[in-house]
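K.L.:
curious how this folds, go ahead:
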Amino acid sequence: MIDSIRVWDTDTVLRPVATFFGAKVGGLEDLGPESVACCGIFCDHFSEGEPGARFLARQFRYCSSDPWFQNSLGFNAEHLIDVGDLNVYPLEPERLSSSLREQVARLVRTRASILFANPDFSLTPALIAGILEAKSDKQISVIRVSQRKDLEAVQDTSSLIGRRSQTGTRLSQLLGDRPDSLIWVQKCEDLTDEHYEMLKGGTCFLSVDADILGPAYGVTSAYSGAKSQRTQDVIAFIQSLKQLPIIAAEFTGHRPGFELRDRAVTTHSLSIFSALAELLKQGERN
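P.N.:
Have a look, this model is predicted:
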């Protein structure tokens, strides 16, 4: 965690800056092959009925910088750099898309792995476009873990960003018509050995949505009780992916509450976010 800040020429001491897991704040010059760049995105305009999700990164920072959460849940900030939130233009989809793509491309060129606290899955195609721009010699595969496929037909293809229900379709168009371009699983155990073999030779982006968690784990998105997962099952699944060449990951779909009692709910999503960070620390650098 960043040291407390003393106001110049006074005895006033400000609280430490809240960061992901108490990590150091840094910029592009601080990133390298051993780093994991953590960033937020303050935008939920396209998420179809989930206003407030844009505060995801803020609440993750507040909760994970709390010493009690760090000690009780074992968060580890080693190799993590909080690079802040990406610049957004929520009312201008095309400008938003271009801005996200350019910023992500700059992050990827540092050879750091990237972890996004992404409130709106609709933004993911722009993030993937940035990875493709920086790694034009690589084939990117997206592993999407969610109860929703989001494969509604797209009429307007001028922008990478649209309604969430179209996002799977936009990703498929962006990545090309390959069997391994977009692998969607509704439950963690749906990722088969065949999928693993298919993915080993490429470069992967892992996207996990809060909607796979059961209702007991808080208010996120729509649930389907029989198919919901426990937090520990999702974490075990993420840990099982360490042999795959995953260079970036995101957690989407959590709509945080703002009262102190809501921190217990956020903890479940935050634990998954932490597991994604640990996965990226162990992953291969491409």
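K.L.:
every contact and neighbour count from this point should use C-alpha atoms.
P.N.:
OK.
K.L.:
residue ranges with poor pLDDT in the protein?
P.N.:
Across the chain, the ranges flagged by pLDDT under 70 are 1-15, 47-50, 68-72, 214-227, 258-261, 283-286.
K.L.:
and if we set it to 50?
P.N.:
Residue ranges of the chain with pLDDT under 50: 1-8, 218-226, 285-286.
K.L.:
now the helices: where do they sit in it?
P.N.:
Under the criterion DSSP state H, the chain carries helices at the ranges 56-65, 67-73, 93-108, 124-134, 167-175, 193-199, 231-239, 263-282.
K.L.:
can I get the ones you listed in CSV with distance to Phe42 and mean neighbour count?
P.N.:
Supplementary listing: the helices of the chain in CSV, determined by distance: least, C-alpha to C-alpha, whole Å; neighbours: other C-alpha atoms under 10 Å:
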stretch, distance to Phe42, mean neighbour count
helix 56-65, 8, 23
helix 67-73, 23, 13
helix 93-108, 11, 19
helix 124-134, 13, 23
helix 167-175, 18, 20
helix 193-199, 31, 13
helix 231-239, 25, 17
helix 263-282, 17, 22
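K.L.:
in space, what's closest to the residue nearest the centre of the chain - neighbours in sequence excluded?
P.N.:
Nearest to the centroid of the C-alpha atoms of the chain, with distances taken as C-alpha atoms, centre = their mean, sits Glu250, at 1.8 Å. Ranked by C-alpha to C-alpha, 6 or more residues apart in numbering and with sequence neighbours excluded, the top spatial neighbour of Glu250 is Phe116, at 4.5 Å.
K.L.:
ok, the one you found touching Ala249?
P.N.:
Yes. The criterion here is C-alpha atoms under 8 Å, and Phe116 meets it with Ala249 at 6.4 Å.
K.L.:
what is the neighbour count of the residue lying closest to Ala53 once chain neighbours are set aside?
P.N.:
Excluding the flanking residues, the one nearest Ala53 by C-alpha to C-alpha, 6+ apart is Arg255, at 4.3 Å. The local packing of Arg255 (other C-alpha atoms under 10 Å) involves 24 other residues.
K.L.:
I figured Arg255 hits Gly52, correct?
P.N.:
Yes. Here Arg255 reaches Gly52: they are 6.0 Å apart, a contact under C-alpha under 8 Å.
K.L.:
about what we covered before: now tabulate the helices of the chain in CSV and tack on distance to Ala23.
P.N.:
CSV is the format used below for the helices of the chain (distance: least, C-alpha to C-alpha, whole Å):
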stretch, distance to Ala23
helix 56-65, 8
helix 67-73, 11
helix 93-108, 17
helix 124-134, 22
helix 167-175, 31
helix 193-199, 31
helix 231-239, 21
helix 263-282, 12
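K.L.:
can you tell which of those helices is closest to Ser158?
P.N.:
In terms of C-alpha to C-alpha, the element of the helices of the chain nearest to Ser158 is helix 93-108, at 7.9 Å.
K.L.:
what angle do helix 124-134 and that closest one make with each other?
P.N.:
Interaxial angle, helix 93-108 versus helix 124-134 (axes from the mean of the first three to the mean of the last three C-alpha atoms, to 10 degrees): 50 degrees.
K.L.:
appreciated, that's everything.
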